[in-house]
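1. quick one: sequence plus predicted model below, questions after.
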Amino acid sequence: MKSLVIDKIGHTAFCDVPTPEPGSGEVLVSVHHVGLCGSDLSTFNGANPLVELPRIPGHEIGGVILETGPNVPGHLSPGSRVVVVPYTTCGTCPACRRGRANACQFNQTLGVQRDGGLCDRIVLPADRLIVNDTLPVHHLALVEPLSVGFHAVSRGQVSSDDTVLVLGGGMIGVGAILGAQARGARVIVSEISTAKTETLRKLGAEAIINPLETELEKAVAELTDGRGADVIIEAAGVAQTFRLAVDLAPFTGRIVYIGYAKGEVAYETRFFNLKELDIRGSRNAVREDFDAVIDFLEKHPDMADPLISKMFPWEEATSALDYWVAHRDETFKIIIDFGKDT
């Protein structure tokens with residue numbers, strides 16, 4: 001069976017791996033589409049400390065069930081389209097015991113701590129699959145990345161009374177934009193790539209501010225009558241935006257960090273107390289977030305295709321990460337299409 005492997009920094013190659021067979025409680029899935037994530041790009045660039053090479057990347061997976069092993073629920077039947085939940089849960093760590101398995105202490109995400117979905121077939125536990133036969137098959141791979149932003153919105157307890165400022169208009173930021181809109185909130189976006197502006201506007205963001213060209217604090221103040229954004233979602237993952245979130249947050253504001261800065265971040269911590277800020281981390285997503293994304297895409301099918309910046313056929317998949325490196329400013333999502341009939 002053919003798979004795509006990041007075998008060394010800056011290089012991918014096809015290789016043959018054994019074809020898997022499902023065991024008890026497992027399902028064999030034919031992989032149809034895989035979205036490339038920022039974690040895959042970081043692995044390719046040698047900047048992902050969680051990955052050991054060689055690694056099969058890819059955790060944003062849409063596919064079709066081929067075969068089920070024993071002890072698999074009846075609704076998971078051959079021919080059903082599925083979205084993959086790419087995380088593992090131990091069931092015993094503090095996060096799992098508190099019902100927040102998305103933050104499992106011992107999580108192993110496909111394509112990161114274990115081999116991912118850029119292969120012809122993959123075996124997965126039955127409880128890691130969500131059946132969906134209504135979305136277009138190539139949209140299934142968009143559900144997981146958008147769910148990460150939807151989860152951040154949930155962590156921020158966003159409501160229709162809120163104005164939300166999203167720092168970073170990449171794919172994870174887009175999930176936060178759409179998730180906030182799904183709750184009726186106003187959305188302002190800070191994004192330095194002018195190439196992404198038109199798409200972000202079409203997605204419904206009220207304002208897109210380039211902080212390299214406009215003073216962000218002043219612009220947000222003007223848009224909110226001086227009140228500031230009720231919720232700030234950091235989706236850029238750099239030290240400057242981590243600090244900026246605290247600086248821009250109003251008194252009693254809420255901050256949610258999705259990304260994480262690769263180095264240490266220095267804060268003037270008096271603002272934590274003076275403003276009595278609610279500061280929360282956000283990791284992965286829970287089933288409710290996946291369901292919310294699916295519901296949103298079913299109601300707004302026109303929102304999905306503009307997010308697919310480039311579709312690579314499986315035969316050309318070795319070029320995909322190189323393309324992303326060269327076109328990072330204008331890229332939202334790259335998808336690998338295995339070219340299979342549904």
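-> In hand now; what should we look at? Numbers count the residues shown, from 1 in each chain.

2. list the contacts of the residue nearest the centre of the chain.
-> Of all residues in the chain, the one closest to the mean position by C-alpha atoms, centre = their mean is Pro145, 2.5 Å from it. The contact partners of Pro145, by C-beta atoms under 8 Å, 6 or more residues apart in numbering, come to 35, 37, 60, 171-172, 175, 333. For the C-beta atoms, the positions are set from N, CA and C on the backbone; glycine is no exception.

3. give me the domain ranges for this structure.
-> Domain assignment of the chain by automatic domain parsing yields the ranges 2-136+304-337, 149-281.

4. could the ones you listed go into CSV alongside distance to Glu288, mean pLDDT and mean neighbour count?
-> Formatted as CSV, the domains of the chain follow (distance: least, C-beta to C-beta, whole Å; pLDDT from 0 to 100; neighbours: other C-beta atoms under 10 Å):
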stretch, distance to Glu288, mean pLDDT, mean neighbour count
domain 2-136+304-337, 10, 97, 18
domain 149-281, 8, 96, 19
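
5. would you reformat these as TSV and include distance to Val293?
-> Shown next, in TSV, are the domains of the chain (distance: least, C-beta to C-beta, whole Å):
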stretch	distance to Val293
domain 2-136+304-337	9
domain 149-281	5
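
6. and of these, who's closest to Glu298?
-> Evaluated over those, closeness to Glu298 peaks at domain 2-136+304-337, with 5.9 Å, by C-beta to C-beta.

7. which helix is the longest one in the chain?
-> The residue-count maximum for a helix in the chain (DSSP state H) belongs to helix 140-155.

8. the following helix or strand past that helix: partners in the sheet, and parallel or antiparallel?
-> For helix 140-155, the succeeding helix or strand toward the C-terminus, using DSSP states H and E, is strand 163-167. Here strand 163-167 has these sheet partners by DSSP bridges: strand 186-190 (parallel), strand 231-234 (parallel).

9. dihedrals phi and psi, Ser193?
-> phi -90, psi 110 (degrees, to the nearest 10).

10. typo on my end, Leu76
-> For Leu76, the backbone dihedrals (degrees, to the nearest 10) come out as phi -100, psi 90.

11. give me the distance between it and Glu215.
-> Computed as C-beta to C-beta, to the nearest Å, the Leu76 to Glu215 distance reads 53 Å.

12. what of Phe44?
-> Look at Phe44 and Glu215: by C-beta to C-beta, they are 35 Å apart.

13. re the thing from before, wait, which of the strands paired with strand 163-167 is closest to Pro22?
-> strand 231-234 (38.4 Å).

14. hmm, who's touching the following helix or strand past that closest one?
-> Sequence-wise, the next helix or strand downstream of strand 231-234 (DSSP H and E) is helix 239-248. Contacts to helix 239-248, defined as C-beta under 8 Å, 6+ apart, come from residues 165, 167-168, 190, 216-217, 220, 228-229, 232, 234, 255, 257, 259, 261, 263-268, 271-272, 277, 279.

15. circling back: export the contacts of Pro145 to TSV and append columns for secondary structure and distance to Gln113.
-> Converted to TSV, these look like this (DSSP: H, G, I helix; E, B strand; the rest coil; distance: C-beta to C-beta, whole Å):
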residue	secondary structure	distance to Gln113
Gly35	strand	18
Cys37	coil	14
Glu60	strand	16
Met171	helix	21
Ile172	helix	19
Gly175	helix	22
Lys333	strand	22
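
16. about what we covered before: and of the domains of the chain, who's closest to Ala292?
-> Ala292 sits nearest to domain 149-281 of all the domains of the chain, at 5.2 Å, using C-beta to C-beta.

17. what distance separates that closest one from the centre of its chain?
-> 16 Å (C-alpha atoms, centre = their mean, to the nearest Å).

18. measure that domain end to end?
-> Using C-alpha to C-alpha, to the nearest Å, the end-to-end distance of domain 149-281 comes to 12 Å.

19. all helices of the protein, in order?
-> With DSSP H as the criterion, the chain has helices spanning 38-44, 94-97, 140-155, 171-182, 197-202, 216-223, 239-248, 270-274, 287-299, 320-326.

20. which of these sits closest to Thr19?
-> Here helix 140-155 is closest among the helices of the chain (C-beta to C-beta), at 21.7 Å.

21. between strand 186-190 and that closest one, find me the angle.
-> For helix 140-155 against strand 186-190, the angle by axes from the mean of the first three to the mean of the last three C-alpha atoms, to 10 degrees is 110 degrees.

22. from Leu248, how far out is the residue nearest to the centre of the chain?
-> Pro145 is 25 Å from Leu248, by C-beta to C-beta.

23. Lys2 too?
-> From Lys2 across to Leu248, the span is 48 Å (C-beta to C-beta).

24. turn the helices of the chain into TSV, including distance to Ile122.
-> What follows is these, written out as TSV (distance: least, C-beta to C-beta, whole Å):
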stretch	distance to Ile122
helix 38-44	16
helix 94-97	24
helix 140-155	13
helix 171-182	22
helix 197-202	31
helix 216-223	42
helix 239-248	35
helix 270-274	43
helix 287-299	18
helix 320-326	18
